[in-house]
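> Sequence plus the predicted model coming up.
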Amino acid sequence: MKLCLVSTLLVAAVGCSESSAAKADSDTSVDAKATSPVKVAVNKTVIPVGTVLRLSLIDSLDSEKNSAGDSFTGSLAEAVVVQGVTVLSKGTLVHGRVIDAIGAGKIKGRGSIRLELVNLVQGSKTIAISTDAFAAQADATQKRDAGIIAGGAGVGAAIGAIAGGKKGAGIGAIAGGGAGTGVVLATKGKEIHYGPETILNFTLSNSVTL
């Protein structure tokens with residue numbers, strides 16, 4: 001009888017011990033889950049290719065003074081909005097590069113310039129961007145040149161007429177025209193000049209992840 005009682009007590013004790021151990025393991029598991037870091041998905045903003053960036057120049061640019069590789073700075077003249085959300089605020093700093101710049105030559109020469117944007121600054125981050133080239137060429141000067149030549153011929157004719165009548169007028173016109181042409185040969189074509197706050201449009205050639 002005593003032996004049976006002892007056995008019963010031992011079985012009960014072992015059962016309680018196993019139950020306590022199982023509970024302890026369960027509690028430890030719960031604590032581990034509670035203290036483990038929770039991974040939160042972060043949605044990154046993407047500015048799609050083809051987005052137009054309206055840049056207000058901070059630095060001036062000149063086809064005669066600038067050369068390939070020169071850097072320039074500007075800021076966004078307008079905020080960039082993607083699906084109704086402002087992703088880049090107005091005034092965001094942007095850096096660009098001169099692809100090439102050609103000063104106006106003699107006679108038919110016209111200044112030209114090509115530019116691109118290379119990065120933008122958002123907070124403490126500098127983010128690389130790529131844009132289509134912005135290209136511009138100065139206006140043609142043919143009308144102005146023709147005016148100079150015609151004006152020279154007119155002056156020459158007047159001088160020739162005073163000196164020797166109709167014959168003198170004809171000679172004067174030829175001489176005057178030649179003088180006018182000489183003025184054109186010595187006059188450079190127009191240049192491209194963009195001062196600070198000039199607005200230029202650039203189009204993203206690749207999407208940008210912020």
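Thanks, I have it.

> What is the end-to-end distance of stretch 71-87?
End-to-end distance of stretch 71-87 (Cα to Cα, to the nearest Å): 25 Å.

> Helix or strand next in line after the helix or strand of the chain with the lowest mean pLDDT, which one?
Lowest mean confidence among the helices and strands of the chain (mean pLDDT, DSSP states H and E): helix 142-185, at a mean of 44. Downstream of helix 142-185, the first helix or strand assigned by DSSP states H and E is strand 193-194.

> For that following strand, name the packing helices and strands.
Applying 3 or more Cβ pairs under 8 Å, 6 or more residues apart in numbering; DSSP states H and E, one finds that strand 193-194 makes contact with strand 61-62. Placement of C-beta: from N, CA and C, glycine included.

> Show me what secondary structure element comes after the strand it packs on.
Sequence-wise, the next helix or strand downstream of strand 61-62 (DSSP H and E) is strand 71-76.

> buried residues in that next one?
The neighbour-count check on strand 71-76 (16 or more other Cβ atoms under 10 Å) flags 72, 74-76 as buried.

> what about the chain, any weak spots by pLDDT?
Applying pLDDT under 70 to the chain flags residues 1-43, 106-108, 141-189.

> Which segments of it make up each domain?
As recorded under automatic domain parsing, the domains making up the chain are 46-139+189-209, 142-187.

> what two of the buried residues of strand 71-76 are the furthest from one another?
Greatest spacing in those, by Cβ to Cβ: 72 and 76 (14.4 Å).

> Over to residue 92: give its phi and psi.
Main-chain dihedrals, residue 92, degrees, to the nearest 10: phi -60, psi 130.

> That one contacts residue 125, correct?
No: with contact defined as Cβ atoms under 8 Å, residue 92 does not count as touching residue 125 (11.5 Å).

> Show me the contact partners of stretch 79-90.
45-48, 51, 53, 75-78, 92, 120, 122, 210 (Cβ atoms under 8 Å, 6 or more residues apart in numbering).

> residues of that stretch that come out buried?
Neighbour count says stretch 79-90 has 80, 87-88 buried, by 16+ other Cβ under 10 Å.

> Select from the residues you listed every entry located in strands.
With strands taken from DSSP state E, the overlap with these comprises 80, 87-88.

> now, which of those residues sits nearest residue 114?
The closest of these, once distances to residue 114 are taken by Cβ to Cβ, is residue 80, at 23.0 Å.

> Next one: the closest one relative to residue 98, how far apart?
Going from residue 80 to residue 98 by Cβ to Cβ, to the nearest Å gives 23 Å.

> do the same with residue 61
Distance from residue 61 to residue 98, by Cβ to Cβ: 7 Å.

> Of these two, give the one with the bigger neighbour count.
Higher neighbour count among residue 61 and residue 98: residue 61, with 23 against 18, using other Cβ atoms under 10 Å.

> can you pull the contacts of the more buried one?
By Cβ under 8 Å, 6+ apart, the contact set of residue 61 is 72, 98, 101, 113, 115, 192-194.

> I'd like the distance between it and residue 93.
Separation of residue 61 from residue 93 (Cβ to Cβ): 17 Å.
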